[in-house]
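Visitor: using only what follows, build the 3D model:
(chains A and B)
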Amino acid sequence: MLTQPNYTDEELVDLLKSKDQRAYNYLYDHYADALFGMISRVIGENETATDILQESFVKIWRNISLYDANKGRLFTWMINIARNTAIDFKRSGQSKRDKQTNSLDTEVNIIPESFTTYTKTDHLGLQKVMEELKEDHRIIIEMAYFQGYTQDEISKELNIPLGTVKTRARAALIQLRQILN
Amino acid sequence: MDIKEYISSGVIEAYVLGMATDEEIRELELLCSQHPEVQQALEEAEQTLGNLAMENRKQVPAELKSTILQSLVSEGLVEEEKEITMDTDVPRRQSINWYALVAAACVLLLVIGAIYHMNTVNRLKTELSILSAQQKSLLVENTNFREDLENRKQELTVATKASVAKYSLAGVAGHEGSSATLYWDQDTKEVYLLPLNLPALPSGKQYQLWAIVDGKPVNAGVYGKNDFSVLQKMLSTDRAEMFAITMENEGGVEEPTLDQMVVAAKI
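Guide: Model prediction:
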């Protein structure tokens, strides 16, 4: 990693588009662990995490033409690809399980189930950070960011207005920034 | 629109957490391009989640780096390279290897060629010396044959001449197995000796021919050939009652050593 130059996002995007292997080496060495952590955080301890990481890298190369540097950093874009790929995977698995259990349980309370899945697998650093958050803030980040719920779904699950979901999201990120700093 | 109110509404955070609606996303993108403070708030929120992601890193199994690269290569998304780092050095190093390879091949060919050449030269040298020795021995053989042929010719000429008489000198007591042949030309008085069956001489000795005239031995010449099958012309003799051969010291003597007589014949 030390021998590699520090590329700017623009240079990396150019290298990515030209299929240059240096882009892969750089992105992998710098960000694979972060993408893998995100994937593991979403789907839990699961051997398919490596498959999803591979799928995420393929998506990064396939969709690089859609990346717009004006709308944010390349790293944020990549993390979101990994996060969304993992959420899609988890949803497709869950929907299968739900179909099997729904006939017995009409009302499936998905929030506690989700929580038990990831609390076991939390990275220690992240676990500590998350525990320092106020409960209201933590739930918003868990549901939206790690589980892929929409505002409407969160509003209904938590029985709070849409505007409150947003203001809690803002408060959650402000508190998160304070903790991380 | 009150930008401060917009920023504090939490729509930016809803966006970065991935739960904004399509309508909210379009509005946010528009406002970002118009209001730097919106852009800045967005960047701060993204930065926070980026830091969170870095806090949450998890080590990937080591073998995955090449596995994923292979899948990207096989999908045609990344072009494979031999070297991971120092890419610019690769072509140059390859070209050096080419030169070295060609040079090594040249040296190898040269060495092989030199060894082959040396072998060939040595083989030809040996063959040449064998041929040269063969030629020498053939030349000697040829000379011998020619001499031999000359001798036989002379012998034949002498023996078949009408005026020539042939005498057989028989071995005296103690030399019963020995004999010699003498040709005497009655016209020219020339004498020829063919000492075919005389015993081999010890070194320093020669055979000497004597003509006995009026009871006295007269020197008729020393036989000088090594090969006793060769006819030699001796001293001409007008008349003789007898011929005899003695073994004498090299060069001949005045008077014959009688006890050294080997063969003799009366005429």
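Visitor: make it CA atoms for all contacts and neighbour counts henceforth
Guide: OK.
Visitor: so where's chain A shaky on pLDDT?
Guide: Low-confidence regions of chain A, defined by pLDDT under 70, span residues A:1-4, A:94-124.
Visitor: mind checking how far the most centrally placed residue in it is from A:L35?
Guide: Within chain A, the residue whose C-alpha comes closest to the C-alpha centroid is A:R83; the distance, by Cα atoms, centre = their mean, is 3.1 Å. Here A:R83 is placed at a distance of 8 Å from A:L35 (Cα to Cα, to the nearest Å).
Visitor: the strands in chain B, which residues?
Guide: Read by DSSP state E, chain B holds these strands, from start to end of the chain: B:164-171, B:179-185, B:191-197, B:205-213, B:216-223, B:232-233, B:242-249, B:261-266.
Visitor: can you redo the ones you listed as TSV with mean pLDDT, mean neighbour count and distance to chain A?
Guide: As requested, the strands of chain B are exported to TSV (pLDDT from 0 to 100; neighbours: other Cα atoms under 10 Å in any protein chain shown; distance: least, Cα to the nearest Cα, whole Å):
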stretch	mean pLDDT	mean neighbour count	distance to chain A
strand B:164-171	90	18	116
strand B:179-185	92	22	112
strand B:191-197	90	21	106
strand B:205-213	92	21	106
strand B:216-223	92	20	108
strand B:232-233	90	21	107
strand B:242-249	92	22	109
strand B:261-266	90	22	115
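Visitor: distance to A:I52 added to the ones you listed, as CSV?
Guide: Shown next, in CSV, are these (distance: least, Cα to Cα, whole Å):
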stretch, distance to A:I52
strand B:164-171, 128
strand B:179-185, 124
strand B:191-197, 119
strand B:205-213, 120
strand B:216-223, 122
strand B:232-233, 121
strand B:242-249, 124
strand B:261-266, 127
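Visitor: which residues touch residue 136?
Guide: All of this is about chain A. For A:D136, the contacting residues are A:R168, by Cα atoms under 8 Å, 6 or more residues apart in numbering or on different chains.
Visitor: same check on B:T237?
Guide: If a contact means Cα under 8 Å, 6+ apart, then B:T237 has B:K189, B:E190, B:V191, B:A211, B:A220 as its contacts.
Visitor: which residues does residue 176 contact?
Guide: No chain in the question, so chain A it is. Going by Cα under 8 Å, 6+ apart, A:L176 touches A:V129, A:L133, B:T48.
Visitor: switch to chain B, that's the one I care about
Guide: If you count contacts by Cα under 8 Å, 6+ apart, B:E176 has them with B:A170.
Visitor: what's the burial count for B:V140?
Guide: 12 (other Cα atoms under 10 Å in any protein chain shown).
Visitor: equivalent analysis for A:T164, please.
Guide: So A:T164, with other Cα under 10 Å, has 14 neighbours.
Visitor: got phi/psi on it?
Guide: When quoted as degrees, to the nearest 10, the phi and psi of A:T164 stand at phi -70, psi -40.
Visitor: any idea how far it lies from chain B?
Guide: Separation of A:T164 from chain B (Cα to the nearest Cα, to the nearest Å): 9 Å.
Visitor: one more: A:K59?
Guide: Distance check for A:K59 against chain B: by Cα to the nearest Cα, it reads 10 Å.
Visitor: apart from its chain neighbours, what residue comes closest to that residue?
Guide: In this structure, A:K59 finds its nearest non-sequential neighbour in A:I81, 7.4 Å apart by Cα to Cα, 6 or more residues apart in numbering or on different chains.
Visitor: ok, now A:G148?
Guide: Excluding its sequence neighbours, the residue lying closest to A:G148 (Cα to Cα, 6+ apart) is A:I87, at 6.3 Å.
Visitor: thank you, goodbye.
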